[in-house]
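Undergrad: Below are the sequence and a predicted model; questions follow.
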Amino acid sequence: MASMEVSAYRYFVSTDGISYLDMSDAVFPGTEWRRLITGTWSPLYPFLLGLGRLLRPDPYREIVTGHLINIPMFLAAFAAFEFFLRNVVPREEISDLTREHVSLPRSVYLVVGYTLFLWASIANITLRTLRADMLMTTFLLLAMGMLLRIKWRGGTWARYLTLGMILGFGYLAKAPILPIGGLILASSLLLAGDWKRTLPKALLSAIVSLAIGSLYFIPLSQKRGDLTLGESSSYNYLIHVDRPETAWYLQQVGRGSGRFLHSATKIFDKPAVYQFSVEQAVTYPMRFDPAYWAQGVKPRFYLRDQFRALAGNLNQYKDILERTGGLIAGLAVLWFVSGNGRQALVGIMTQWPLWFIGSSGLAMYALVHVEDRYVGVFFLLLWMGLLIGLRAPAKLLKEVAPGIAWGIATSILIPMIATVCSHFLVGFGARDVDAEAARELTRLGIHAGDNVARISAEVTDLAWARMLRVSIITEVDIEHADNFWKSLPDQQEGALKAMAATGARIVVAHISEDLAPAGWQRLGKTLYWLRWLNTS
């Protein structure tokens, strides 16, 4: 399924993926390594993308290569889940059938566990984009596996040292590992029993984690001129909770405090046109480091805004739960057949590290912003904690539990497989229209390093610019791009003149409707159109 999903979306790249590819250039000799350091995106994923591109694929195949690199990252996540699963419940714990209420058969954990992993990785995180979520999942599962190994086998210095290394590299993969890692270390103290003897080991783990993480936050702090462990959390709170007006271009602070130091410049009013650039030559400066544009403004807490954001995010969770109704029904049945609600509750409480870390991650995102790819692994931990904690009468295990497990797997896997197959069939014969447009622009004399303009309502049609190594420095308001085509001819000409004044050589428009605008040149058989601004 992973390879089918990669194949179906091999030409697709989001604005985030473009930023990661721009950052990955730092791996190549002669490129400044600090290109890897931004306040929004952590450096490990683009570093790995860069290593994968050391074979120097054709620029037109670079995005396809990035998707192929996602396959070994998926396999790494699968290996991490195997390590996690081996440490969730030792075999000796499962095989004890002498008690009245016992753990479920190991086969149940395997069937449901693998199902949940595939659901979290394929249906939630997905392999459709070039993003770091799968990498974060790998390190979180490794960390949870090590935490459970500490629970069952004791917290040795070597295990705490390993846990610190996992959390450190996890932080380099994605910043949310930092607060979750703190909860994992705190949980290890409670699991150890004698926390006073364990505390020095946990402190060593924290020091190792921060030492590895310093590869990111020290150069970032030097870049910003102030100590910071990352700016993605404050940026996302500002955007999704405080909600500044014209959020894409950060023109007004909304509920935040302060003033933007680097906001985009509005150079034309109707239709709205913005100009933006950064010190480095990057494909799309507005998303290369979004936190850069938010500098000078701090998010502020307002109870009403927080409740509004929380309600929206909980609604997103409701949608996810509705898609896993078979799992919820299966757990409810297992609870019912246990015949002893108190016994089941006691068993679930023994697995608190799993559902505690899972629910903590869900709560963390619920306060700011939820996307499926963020929370799949946390739902996995939550459901595994509830499942493994259940106890049932031994006489019912062979008759009931395996059937319920396969019912859960069927309810989740069949719709997921159907979706992946349908996407594969659609994407199998897809054309790489961005590569076609890029080749045509090269034929017309556009070169790496050129500044260009853009008119598009899409945020996923930047691949042509990345392939050419040009910089988009001005565009019509992306949220109202269609207003350009609805405006009067003199307004359109005024907007184009404003774009030309920024130094952009051309403007490339992505037109989804069947239009043939006068004075524009179609790029091959694609939906991209060209208008010359400066020919020098």
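TA: Perfect, I can see it now.
Undergrad: How much space separates the most centrally placed residue in the chain from residue 209?
TA: With distances taken as C-alpha atoms, centre = their mean, residue 133 lies nearest the centre of the chain, 4.0 Å away. Using C-beta to C-beta, to the nearest Å, residue 133 is found at 20 Å from residue 209. Yep, even glycine has a C-beta here, placed from its N, CA and C like the rest.
Undergrad: ditto for residue 2
TA: 29 Å.
Undergrad: Compare these two (neighbour count), which wins?
TA: residue 209 (26 against 20; other C-beta atoms under 10 Å).
Undergrad: secondary structure class for the more buried one?
TA: Using DSSP: H, G, I helix; E, B strand; the rest coil, the structure places residue 209 in helix.
Undergrad: Let's see the pLDDT reported for it.
TA: Note on residue 209: pLDDT of 97.
Undergrad: and it, how far is that from residue 400?
TA: From residue 209 to residue 400 the distance is 43 Å (C-beta to C-beta).
Undergrad: Same question for residue 352.
TA: Distance, residue 352 to residue 400, using C-beta to C-beta: 26 Å.
Undergrad: do residue 170 as well
TA: Distance, residue 170 to residue 400, by C-beta to C-beta: 38 Å.
Undergrad: go on, residue 530?
TA: 65 Å.
Undergrad: For residue 499, which residues are in contact?
TA: Applying C-beta atoms under 8 Å, 6 or more residues apart in numbering to residue 499 gives the contacts 267, 273, 453, 474, 507, 533.
Undergrad: Out of these, who's the most crowded?
TA: Ranking the contacts of residue 499 using other C-beta under 10 Å puts residue 474 first, with 28 neighbours.
Undergrad: Show me which of residue 352 and residue 400 is the more surrounded one.
TA: Of the pair residue 352 and residue 400, residue 400 is the one with more neighbours under other C-beta under 10 Å, namely 18 against 15.
Undergrad: I figured that one hits residue 336, correct?
TA: No. Using C-beta atoms under 8 Å, residue 400 and residue 336 do not qualify as a contacting pair, with a distance of 9.8 Å.
Undergrad: any idea where the helices of the stretch 101-250 of the chain begin and end?
TA: Assigned by DSSP state H, counting those that start in this stretch, the stretch 101-250 of the chain shows helices spanning 106-118, 133-153, 157-173, 177-192, 195-224, 232-237.
Undergrad: Can you check my assumption that residue 475 lies in a strand?
TA: Yes. Residue 475: assigned to a strand according to three-state DSSP.
Undergrad: Could you check what's spatially nearest to it, not counting adjacent residues?
TA: Closest residue to residue 475 apart from its sequence neighbours, by C-beta to C-beta, 6 or more residues apart in numbering: residue 454 at 4.1 Å.
Undergrad: name the helices or strands packed onto whichever helix or strand the one you found is part of?
TA: Using DSSP states H and E, residue 454 maps to strand 451-455. Secondary-structure packing of strand 451-455 (3 or more C-beta pairs under 8 Å, 6 or more residues apart in numbering; DSSP states H and E): strand 471-476, strand 506-510.
Undergrad: make it 10 Å
TA: For strand 451-455, the elements it packs on are strand 273-275, helix 463-468, strand 471-476, helix 482-486, helix 489-500, strand 506-510, strand 528-532, judged by 3 or more C-beta pairs under 10 Å, 6 or more residues apart in numbering; DSSP states H and E.
Undergrad: Could you list the low-confidence segments of the chain?
TA: Scanning the chain for pLDDT under 70 picks out 89-103, 338-341, 343, 392-398, 513-514, 535-536.
Undergrad: domain assignment for it?
TA: Residue ranges for the domains of the chain, per automatic domain parsing: 2-97+125-224, 260-296+431-536.
Undergrad: Can you add distance to residue 251 and give those domains back as JSON lines?
TA: As requested, the domains of the chain are arranged in JSON lines below (distance: least, C-beta to C-beta, whole Å):
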{"stretch": "domain 2-97+125-224", "distance to residue 251": "19"}
{"stretch": "domain 260-296+431-536", "distance to residue 251": "6"}
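Undergrad: Out of those domains, the one nearest residue 330 is which?
TA: domain 2-97+125-224 (17.8 Å; C-beta to C-beta).
Undergrad: From one end of the closest one to the other, what's the distance?
TA: 39 Å (C-alpha to C-alpha, to the nearest Å).
Undergrad: Do you have the strands of the stretch 201-350 of the chain handy? List them.
TA: Using DSSP state E, counting those that start in this stretch, the strands found in the stretch 201-350 of the chain span residues 257-258, 265-268, 273-275, 297-298.
Undergrad: how deep is residue 322 tucked in, by neighbour count?
TA: Residues near residue 322, counting by other C-beta under 10 Å, number 9.
Undergrad: Show the contacting residues for it.
TA: Applying C-beta atoms under 10 Å, 6 or more residues apart in numbering to residue 322 gives the contacts residue 328.
Undergrad: Tell me how far it lies from residue 225.
TA: Distance of residue 322 to residue 225, computed by C-beta to C-beta: 47 Å.
Undergrad: Ok, residue 368 next?
TA: 25 Å.
Undergrad: right, so the strands of the stretch 201-350 of the chain: which one is the most enclosed?
TA: strand 273-275 (a mean of 23; mean count of other C-beta atoms under 10 Å).
Undergrad: And it, what does it pack against?
TA: strand 265-268, strand 451-455, strand 471-476, helix 489-500.
Undergrad: what about 8 Å?
TA: On a contact count with 3+ C-beta pairs under 8 Å, 6+ apart, strand 273-275 meets strand 265-268, strand 471-476, helix 489-500.
Undergrad: I'd like the distance from the shortest one to the chain centre, please.
TA: By that I understand strand 265-268. 31 Å (C-alpha atoms, centre = their mean, to the nearest Å).
Undergrad: what's in contact with that strand?
TA: 249, 251, 272-276, 474, 494-495, 498-499, 501-502.
Undergrad: 6 Å instead?
TA: With C-beta atoms under 6 Å, 6 or more residues apart in numbering as the test, strand 265-268 has contacts from 273-275, 495, 498.
Undergrad: do the same with the second one
TA: Residues from elsewhere that reach strand 471-476, judged by C-beta under 6 Å, 6+ apart: 271, 273, 275, 277, 281, 284, 451-455, 465, 484, 499, 502, 504.
Undergrad: Run the angle between it and helix 489-500 for me.
TA: Counting by axes from the mean of the first three to the mean of the last three C-alpha atoms, to 10 degrees, strand 471-476 lies at 160 degrees to helix 489-500.
Undergrad: Which pair of the contacts of strand 265-268 spans the longest distance?
TA: For the contacts of strand 265-268, with distances taken as C-beta to C-beta, the pair at the greatest spread is 275 and 495 (11.7 Å).
Undergrad: Tell me the spacing between residue 162 and residue 142.
TA: Distance from residue 162 to residue 142, by C-beta to C-beta: 9 Å.
Undergrad: I meant to write residue 19 there.
TA: 26 Å.
Undergrad: So for those two, which residue has more residues nearby?
TA: residue 19 (27 against 24).
Undergrad: Report the contact partners of the more buried one.
TA: Going by C-beta under 6 Å, 6+ apart, residue 19 touches 41, 287-288.
Undergrad: give me the element it is part of.
TA: Assigned by DSSP H and E, residue 19 falls in helix 15-24.
Undergrad: how far does the helix or strand just after that helix sit from the chain's center?
TA: Tracing the chain C-terminally past helix 15-24 and defining elements by DSSP H and E, one meets helix 44-52 next. Mean-position distance between helix 44-52 and its chain equals 15 Å (C-alpha atoms, centre = their mean).
Undergrad: got the angle between whatever helix or strand comes next after helix 44-52 and helix 157-173?
TA: In the C-terminal direction, the helix or strand that comes right after helix 44-52 (DSSP H and E) is helix 62-88. If you take the same axes, to 10 degrees, helix 62-88 sits at 150 degrees to helix 157-173.
Undergrad: close enough to count as contact, residue 42 and residue 176?
TA: No. Contact between residue 42 and residue 176 fails when scored by C-beta atoms under 6 Å: they sit 9.5 Å apart.
Undergrad: So for those two, which residue has more residues nearby?
TA: The neighbour comparison of residue 42 against residue 176 (other C-beta under 10 Å) goes to residue 42, with 29 against 21.
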